[in-house]
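> What follows is a predicted protein model with its sequence.
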Amino acid sequence: MSAHSLALLADIARLVRKRFEQRAQSLGLTRSQWRTLAYLSKNEGIHQGGLAELLEIEPIALVRVLDKLAERGLIERRRHPSDRRIWLLYLRDEVRPLLAEIHELADATRAEALLGIAPERLEETFTVLSEIKANLVLACEAPTGEKEQEHD
């Protein structure tokens, strides 16, 4: 895969986010807020530090986002049963319709991006991208070699 291919993947990801953000303006949420809700919907009961790690943001930045979402009544923090220093995060019922809208916007954005591409081509592309991801996951788990470290 050439550098141009990697740049293309980055451009596609950026444009999908941009298009979704255009659609999501009507929700009254910031990008950080809807991302947090999306990740939390798949990881309810997670602690704040774990969610920050998933979102790849600093815990203090997440606290500000969570404060805003809690003020709007969309999430709640519950104390960990055995460690009172840890807060566990849960969605409130009031957020469920908003999450449905987020999913609808994501589906519309995905459909727009994939418009006119034959299903068999999409399946092959998905397979190749999945293999690339698996390679990178393994590479990230392995220590880097000395020669690689010299280039940093």
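Received it, and whenever you're ready, just let me know what you need. Residues are numbered from 1 along each chain as shown.

> just the helices in this protein please.
3-24, 31-42, 48-55, 59-71, 96-114, 119-141, 146-150 (DSSP state H).

> wait, which of those is closest to residue 84?
helix 48-55 (13.6 Å; C-beta to C-beta). (C-beta placed from N, C-alpha, C; glycine too.)

> packing partners for the closest one?
helix 31-42, helix 59-71, strand 87-91 (3 or more C-beta pairs under 8 Å, 6 or more residues apart in numbering; DSSP states H and E).

> follow-up on the earlier one: the helices of the chain: which one's closest to residue 87?
Taking those one by one with C-beta to C-beta, helix 48-55 is closest: 5.4 Å.

> related to what we said a few turns ago, so which of the helices and strands packed on helix 48-55 is nearest residue 6?
helix 31-42 (22.9 Å).

> Make JSON lines from the helices of the chain and add distance to residue 77 and mean neighbour count to it.
Converted to JSON lines, the helices of the chain look like this (distance: least, C-beta to C-beta, whole Å; neighbours: other C-beta atoms under 10 Å):
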{"stretch": "helix 3-24", "distance to residue 77": "24", "mean neighbour count": "12"}
{"stretch": "helix 31-42", "distance to residue 77": "11", "mean neighbour count": "17"}
{"stretch": "helix 48-55", "distance to residue 77": "8", "mean neighbour count": "16"}
{"stretch": "helix 59-71", "distance to residue 77": "7", "mean neighbour count": "15"}
{"stretch": "helix 96-114", "distance to residue 77": "18", "mean neighbour count": "14"}
{"stretch": "helix 119-141", "distance to residue 77": "31", "mean neighbour count": "10"}
{"stretch": "helix 146-150", "distance to residue 77": "41", "mean neighbour count": "8"}
